[in-house]
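> Give me the fold of what follows.
(one chain, ligands or ions: 2)
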Amino acid sequence: MSLKGRKKDTARSMPLEQPPIWPPFKSLIPSNLLSIQEILTNQIVTIPHFWPASLCKTYVSFLSNLPLVTTPGKPKKGDAVRVNDRFQIQDASFATRLWEETGLKDIIMGYVQSEDGLQLDGEARKQLWGGEVVGLNPNIRVYRYSKGQFFDQHYDDSNNVTVRSGQTDLPVRTTWTLLLYLTSPASGCLGGETVFYPDPAIKKTPSPEPVIVNLEVGLALLHRHGAECMLHEGREVVAGEKWVIRSDLCVKR
Ligand SMILES: O=C(O)CCC(=O)C(=O)O
Ligand SMILES: [Fe+2]
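Ligands and ions are numbered 1, 2, ... in the order given. Got it, this is the predicted structure:
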C-alpha cells in the first residue's frame, strides 16, 4: 500500500496543560528479570510483566480521574476511526521517568539482557530500533476503551519531536510505538486485542494470518511504525474496560 491515503493515527497535542501528578512506580521487578520477547521479527516485541498488577491497578484508579476526552464523532479526512476516551499531555518529565525508572532503558539499550529474551549486539540493536535510542516521546497518551469501543485499522506515523537530555533539547524521531496494557481478562476486560495484518511476501498472493496480541496486565507491546508500520487495530472491547498508556521510542535525528 502506498504511503499516501493511508489511515493514520494522528496525535494532535494540546500543550499548555498542567501535567498530572502521576503515582510513583512501586513494586517494579528488577530490570534484569525483564525480557524482550520477539512476536514478529523486526516488527513486534513484548515485555511481559513490565509493570506489576498492583501498579497497573493504582494507575487505572488514578487515570480514571483525569479529564479524558471522548473521540469526536467523525474523524478528519485521512485519520483512522478511533472510538475511545483519551487523555493526552506533553510531559517530558513523565516520559523520562517511564524511560529511566522502570527498567525500559536498561533492556532497550541492552544494559541488562535476560537469557530467555531477544539477544542483540550493538549493531543489531541499532538496526532493530531504527537508530540510536535516546528516550520516549514526551507526547503521552492514555486510552480508555469501554464496551463497544475500538481503534479501527490504521498505521502509526513517525514524528519529529524533541527530548530533554540534561540541559539540552535533542532533535529526535519516533520509530516504534509503545503500548502499555493496564488491564486484561484477568481484570475483567474482554476483547480489545491489538491485531496486526502482515502484507503478503509477494504482491497479490494471500496475506499471512493476522498476528493477535492479547491483553495482559502490565505487558508492554512495542511495534515498528512510520514507513514500515504494519496495518493494525485495537479490537472492540466486549466487556469491562481496556486501559492503555502510549508513548513512542525516539532515536537521534
Ligand atoms: O489500543 C490498541 O490496542 C491500539 C492503539 C493504537 O494503535 C495506537 O495508539 O496507535
Ligand atoms: Fe496504532
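
> Not counting the helix or strand containing Y155 itself, show me its contacts.
Assigned by DSSP states H and E, Y155 falls within strand 150-156. By CB atoms under 8 Å, 6 or more residues apart in numbering, the residues outside strand 150-156 that reach it are 6-9, 79-84, 143, 145, 177, 192, 197, 223, 225-226, 229-237, 248. C-beta coordinates here come from the backbone N, C-alpha and C atoms, glycine included.

> Compute the number of surrounding residues for the closest residue to S31 other than its chain neighbours.
In space, and not counting its chain neighbours, S31 is closest to G103: 2.9 Å by CB to CB, 6 or more residues apart in numbering. When neighbours are defined as other CB atoms under 10 Å, G103 has 22 of them.

> if I pick G103, what's in contact with it?
Neighbours of G103 in contact, by CB under 8 Å, 6+ apart: L28, I29, P30, S31, L34, F50, V112.

> can you pick the most crowded of the residues you listed?
Most surrounded of those: other CB under 10 Å gives F50, at 24 neighbours.

> tell me which element that one falls in.
With DSSP H and E as the criterion, the answer for F50 is that it lies in no helix or strand.

> That one touches I36, doesn't it?
No. With contact defined as CB atoms under 8 Å, F50 does not reach I36; the gap is 10.2 Å.

> give the contact list for K252.
With contact taken as CB under 8 Å, 6+ apart, K252 is in contact with G131, E132, V134, L170, P171, V172, R173.

> Which positions in the helix or strand the fourth one falls within come out as buried?
Pointing back at L170 there. In the assignment (DSSP H and E), L170 maps to strand 168-181. For strand 168-181, the neighbour count (16 or more other CB atoms under 10 Å) marks V172, R173, T174, T175, W176, T177, L178, L179, L180, Y181 as buried.

> In its sheet, which strands sit next to that strand, and in what direction?
Strands flanking strand 168-181 in the sheet, each with its direction: strand 160-165 (antiparallel), strand 220-224 (antiparallel), strand 242-252 (antiparallel) (DSSP bridges).

> Give me the nearest residue to the residue in the stretch 101-250 of the chain that ligand 2 sits nearest to, chain neighbours excluded.
Nearest residue of the stretch 101-250 of the chain to ligand 2 (CB to the ion) works out as D156 at 4.2 Å. Spatial nearest neighbour of D156, excluding adjacent residues (CB to CB, 6+ apart): H225 at 3.7 Å.
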